[in-house]
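>>> how would this look folded up:
(chains A and B)
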2 protein chains.
Amino acid sequence: MRVAGFRFAGVAAGIKKKGGKDVGLIAADAPVAAAAVFTGNRVKAAPVLLSAAHLKATRGRLRGVVVNSGNANACTGPAGAADARTMAAAAAAAIGGKPGEQLVASTGVIGQPLPIDRVAAGIAAAGAALSPDGFADFADAILTTDRGPKVATRTVRLGRARVTLVGCTKGAGMIAPNMATTLSFVCTDAAIAPALLARATRAAVEPTYNSLIVDGDTSTNDTLAVLASGAAGPALAGRAVAGFTAALTELLADLATQLIKDGEGVHHVVTIDVRGAASERAAAAVARRIATSPLVKTAIAGGDPNWGRVLCAIGNAGVPIDPTRLGLRIGPVEVVKRGAVAPGYDEAQAAAVMQTPAYTITADLGGGKARARVLACDLSHEYVSINADYRS
Amino acid sequence: MRVAGFRFAGVAAGIKKKGGKDVGLIAADAPVAAAAVFTGNRVKAAPVLLSAAHLKATRGRLRGVVVNSGNANACTGPAGAADARTMAAAAAAAIGGKPGEQLVASTGVIGQPLPIDRVAAGIAAAGAALSPDGFADFADAILTTDRGPKVATRTVRLGRARVTLVGCTKGAGMIAPNMATTLSFVCTDAAIAPALLARATRAAVEPTYNSLIVDGDTSTNDTLAVLASGAAGPALAGRAVAGFTAALTELLADLATQLIKDGEGVHHVVTIDVRGAASERAAAAVARRIATSPLVKTAIAGGDPNWGRVLCAIGNAGVPIDPTRLGLRIGPVEVVKRGAVAPGYDEAQAAAVMQTPAYTITADLGGGKARARVLACDLSHEYVSINADYRS
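Coordinates of the predicted model:
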């Protein structure tokens, strides 16, 4: 899994309690176009603030990425800010370029001081291990409670260029829309200007990472970054940029689906498809409300077509609803029509759909043409087990 | 547990799958002052719509209350509306007065047709069983997944009157603020005009029922009603009304606390106390966000002072926050100061507090003087078990 212009590494530096790789580097051979989306949480971790500042100051040209897992360096005060700067400096020493040309990301437990000596030693070790074939090691090093690595790749022809995109992601909880959700890194050899790359990234994030919910919590550290080396020139323009955006969206959709499938204690990935809304905003509010309702999520866990809970969630979304116009389907099974149970509804059919690992719940508000979709999942015993006793 | 002017009954009518009392009546000897607060869910059950109409048409004078558990008569279409009217007519026949003078309430599974013949037979049987000593039977009949009945009583001297209040409540999930939360009924012998009773009820609901959260879902059926027979005249006025409001607030606080202690799978009742906010609205938004965060709730379940999750929830509340001014206490233990771990913080002390059944998490936003408090609880395995496999 190579992409021209980049080298990668992932090493074990003793940050994660449970051991394993926990420091990763992405090194570009020279400054490359870069774009990122960061968490919408008002409490932003030190590396998020630093990375946003670096991207702004360089106008979207970075040399490298440094990530540690096992500690989020969030809510760590001035010491945490200094630690993030130390990571950038160590990355510059390991990779090349200036500290201000590095993107820094951290993930793991919040509020604990970063063991910066171990992190710095890990960055140096990772620098020595950088290799064009190191992407799998890097993808490993960013994981926390994930059950396994999540990587994806795409190759597309855009005009005269044959462009490769390679991406990886992490995160199994604290996942909600309106942010870059968890950590995600994409490297491509496309030649694309920073401003175009930023636009493509924002467009690709919206229907993918911003449309999935595991538990409705948005983390302090979420970072999604795309780096483009330009090795597969010529520079993209016009329709080729649209093609690149489409390929990036496909790649992110692949990663987002892997992400929710690996959500903490997830056994069912459910697409919540809300139609017939007065506005996209209203549709999204309803979809989000359904996807975050603990009563809906436990019904999904139990495979119980307790559709009243879905209608209850719709009513709680804070948008005007005419209950007598509501329609609901579980998979292809029509459950509710005009606000009451559909004629001929067979609960056993709906229950059978809910035994499958992936299905769609379609809610029709009967009040307009706007629509929204989110990826949701169940709330299971494993989620509680993982989170009632988790310190990475 | 008597209150002058009322008789009560609770009988088993075969509506609940698991058996037990499931139809209850409150009968006033004559029309009495009545006030109620109903669910804020946009999808309102048929009995809620009917009861609100009855209260409006009678200008707050009712003769009785009829409740069934085991079936919510929600999302049941025109047939459900007809069933609610049938319940009111059956109650009038059993109690006296007109159908339009009855408050109707239902609780249980949503979207199933009410077994109206059994309900009507139960209402007739309850009518025959009405007794001044029947309050405990009534309190039993309104329960669903509750572990036991929740009743409270207060007697206060207000001017020359010695006033008794008797209340009961039900509900272990689908509990969230900004509604009358679950079912709750209070009978008093106070002599108070309907308009004053309505004002007292709204005032008493705000800091009690509207300030507790089990799972953030607001049901389609929530109803809190207060009936005042006037048997303990003379009519309350001036300071005596304030005294009545205080007594009602105390009674509802008692019931609300019982409610959350009996919340589905609840082992810890946690007061979320948010201070230093720019507005009460902002304080309430932050408190609510903390109380509904699955990651905070599982940390409470695990007794894990993973305070970063609380700060993360604060940052997700959608209100402006200066992270560098945040303070946090778990019980008396200072955990966070100026957005980072407090000097001398001892995690073992915070963990010890979190082992106790009831404690306070205090968040200081450091940005104003407004404050809000909500009662929250843990998200435990039992919650998942109860809700992944629940049909009352």
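>>> wait, residue A:255 touches residue A:170, no?
No: in this structure residue A:255 lies outside contact range of residue A:170 using Cβ atoms under 8 Å: 9.8 Å. In short, each C-beta sits where N, CA and C put it, glycine included.
>>> so what sits against both of these two?
Common contacts of residue A:255 and residue A:170 (Cβ atoms under 8 Å, 6 or more residues apart in numbering or on different chains): A:150, A:184.
>>> domains of chain A?
Domain assignment for chain A by automatic domain parsing gives A:6-261, A:269-388.
>>> would you list the ones you listed in CSV and tack on mean pLDDT?
Putting these into CSV (pLDDT from 0 to 100) gives the following:
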stretch, mean pLDDT
domain A:6-261, 91
domain A:269-388, 90
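>>> for residue B:321, which of those domains is the nearest?
Nearest to residue B:321, of all the domains of chain A, is domain A:6-261, at 4.2 Å by Cβ to Cβ.
>>> quick one: distance of that closest one to the chain centre.
Distance, stretch centre to chain centre, for domain A:6-261: 10 Å (Cα atoms, centre = their mean, to the nearest Å).
>>> right, and the helix or strand after the lengthiest strand in chain A?
The strand that spans the most residues within chain A, counting by DSSP state E, is strand A:23-38. Following strand A:23-38 in sequence order, the next helix or strand is helix A:46-57 (DSSP states H and E).
>>> and the very next helix or strand once past that following helix, what does it pack onto?
Scanning forward in sequence from helix A:46-57 by DSSP H and E, the next helix or strand is strand A:61-71. Where contact means 3 or more Cβ pairs under 8 Å, 6 or more residues apart in numbering or on different chains; DSSP states H and E, strand A:61-71 is packed against strand A:23-38, helix A:77-95, strand A:102-109, helix A:116-129, helix A:135-141, strand A:183-188, strand A:223-228.
>>> what are the buried residues along the second one?
Okay, so that is helix A:77-95. Buried residues in helix A:77-95, defined by neighbour count with 16 or more other Cβ atoms under 10 Å in any protein chain shown: A:77, A:80-81, A:83-92, A:94-95.
>>> ok, stretch A:312-330 next?
Under the neighbour-count criterion of 16+ other Cβ under 10 Å, stretch A:312-330 has A:312-317, A:319, A:321, A:323, A:326-330 buried.
>>> which ones among the residues you listed also lie next to chain B?
Residues of those in contact with chain B (Cβ under 8 Å from any Cβ of the partner chain): A:312, A:313, A:314, A:315, A:316, A:317, A:319, A:321, A:323, A:326.
>>> list the residues that contact the last one.
If a contact means Cβ under 8 Å, 6+ apart, then residue A:326 has A:311, A:314, A:336, A:338, A:339, A:363, A:364, A:365, A:366, B:43, B:75 as its contacts.
>>> same thing with the fourth one?
Taking Cβ under 8 Å, 6+ apart as the criterion, residue A:315 is in contact with A:321, A:323, B:41, B:42, B:43, B:44, B:218, B:220.
>>> in JSON lines: the residues you listed, plus distance to residue A:261.
JSON lines is the format used below for the contacts of residue A:315 (distance: Cβ to Cβ, whole Å):
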{"residue": "A:321", "distance to residue A:261": "31"}
{"residue": "A:323", "distance to residue A:261": "34"}
{"residue": "B:41", "distance to residue A:261": "32"}
{"residue": "B:42", "distance to residue A:261": "33"}
{"residue": "B:43", "distance to residue A:261": "31"}
{"residue": "B:44", "distance to residue A:261": "37"}
{"residue": "B:218", "distance to residue A:261": "31"}
{"residue": "B:220", "distance to residue A:261": "32"}
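>>> by neighbours, which of those residues wins?
Tallying neighbours with other Cβ atoms under 10 Å in any protein chain shown puts residue B:220 at the head of those, with 30 neighbours.
>>> what about it, which helix or strand?
Assigned by DSSP H and E, residue B:220 falls outside every helix and strand.
>>> and what of residue A:164?
Element membership of residue A:164 [criterion: DSSP H and E] is strand A:161-170.
>>> same for that strand, what does it pack against?
helix A:135-141, strand A:150-158, strand A:183-188, helix A:239-261.
>>> which residues touch the first one?
Outside of helix A:135-141, the residues within contact range by Cβ under 8 Å, 6+ apart are A:1-3, A:8-11, A:20-26, A:67-69, A:126, A:129, A:149-151, A:166, A:168, A:185, A:187.
>>> among those residues, name the buried ones.
Those of these that meet the buried threshold are A:1-3, A:8-11, A:21-26, A:67-69, A:126, A:129, A:149-151, A:166, A:168, A:185, A:187, by 16+ other Cβ under 10 Å.
>>> just name the most buried of the helices and strands packed on strand A:161-170.
Mean neighbour count, computed with mean count of other Cβ atoms under 10 Å in any protein chain shown, is highest for strand A:183-188 among those, reaching a mean of 28.
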